[in-house]
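K.L.:
Take this sequence and fold it.
(one chain, ligands or ions: 1)
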Amino acid sequence: MAERYSVHEAIVLDLTSVGEYDAYLDLFTRTGRMHARAPGLNRPTSRLKGILQPLNWVSVHVYRRGRQYTVVGAELRDALRHLKERLEGVAAAHYLAELVGRLDLSGELFDWALEALRRFDEEGVDAPHFLGAKRALLARLGWDPGGKTCPLCGRRIVGEAKVEESLGAFVHPECRPGGVRVSGRARAFLAGEEEEAPWGEVWAVLRQLFVLHLGEEPKAERFARSVLLRGVGGEPAAR
Ligand SMILES: [Zn+2]
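P.N.:
Model prediction:
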C-alpha cells in the first residue's frame, strides 16, 4: 500500500466536524479537489485550527495511505482578512467556493480561483468585480456564449441577442423566437467587449447560464444577489 507525505498549496473550501475533536476538510489544490481528515483539529489546544479555516489560503502537509489523506501540518499563506471583514466579500467568496466544489473544477483552475479571491481581498468586491470573475470562469469552462457570430445564420451579432439554451450560445433575436432577450450592452460585457453593463441584467443572464450547466441554482445565489446587487440597480426583475 502506497504511503507518502506531500505538501499542497490549497484553498480551504469547507470544514466539517467529525466526532468530538476531528474534522474533515474539503480542499482545492493544484491537482484538484482533496478531502482530508484532520485529527484533533477541534481540540482547544490545536495549533492548526486557526489556519485551516474556510476560505484560507494555506500550505497543507498530508500523509496518504491508500486513498485516505490525513493532515499532519499546515501553514497559513493568507487568511484573506479584508475579504472576510465585509459582507460583500463573504458572499462573493462563498459563491465562488460553491462553484469550485459543485463543478469539481480541475486543478488547472486553482490559480484562477486563488487570483479571483486575492483580488476580492485586495480591491474589495462589488457586482462588477464578481460578475467579471463569473464571466471569466464561464470562458475558462468553455461555456462562453459570447461568440461574435450567430451559429444559426452565421452572420455577425451586433447589439441585442438571445440565449439559445440548446446551443449554449447567443443568437440573433430574429433567428430564434422565444428564449431570453439580452440587451446589446449586457451581451457586449459577457463577450468581453465592454467593462460597463446593466449589472442586474448581466446577473440574471449569468445565473441562467450557470443553472443551465449545474441543473439547479447555486445555494449561494440569492444571498449573493441581495448583497452584491445593492446599489447598482437593485434586484433584477423576476422572470
Ligand atoms: Zn442569426
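K.L.:
longest strand anywhere in this protein?
P.N.:
Secondary structure of the chain per DSSP state E: the longest strand is strand 3-18.
K.L.:
Please enumerate the strands of the protein.
P.N.:
3-18, 22-29, 32-38, 57-65, 68-78, 161-164, 169-171, 180-182.
K.L.:
returning to what we had before: helices or strands up against the longest strand of the chain?
P.N.:
In this structure, strand 3-18 makes packing contacts with strand 22-29, strand 32-38, strand 57-65, helix 87-103, helix 110-123, judged by 3 or more CB pairs under 8 Å, 6 or more residues apart in numbering; DSSP states H and E. Any C-beta I mention is one placed from the backbone N, CA and C, and that applies to glycine too.
K.L.:
Give me the pLDDT value at residue 213.
P.N.:
The score at residue 213 is 85. That number is its pLDDT.
K.L.:
Ok, residue 165 next?
P.N.:
81.
K.L.:
Now do the contacts for it.
P.N.:
179, 212 (CB atoms under 8 Å, 6 or more residues apart in numbering).
K.L.:
Okay, residue 201 and residue 113: tell me how far apart.
P.N.:
Distance of residue 201 to residue 113, given as CB to CB, to the nearest Å: 26 Å.
K.L.:
domains of the chain?
P.N.:
3-78, 81-228 (automatic domain parsing).
K.L.:
thought residue 206 was touching residue 134?
P.N.:
Yes - using CB atoms under 8 Å, residue 206 is in contact with residue 134, at 5.1 Å.
K.L.:
Let me have the strands of the chain in CSV, extended by distance to residue 89 and mean neighbour count.
P.N.:
Formatted as CSV, the strands of the chain follow (distance: least, CB to CB, whole Å; neighbours: other CB atoms under 10 Å):
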stretch, distance to residue 89, mean neighbour count
strand 3-18, 14, 15
strand 22-29, 18, 20
strand 32-38, 23, 18
strand 57-65, 14, 18
strand 68-78, 13, 16
strand 161-164, 29, 24
strand 169-171, 31, 22
strand 180-182, 28, 18
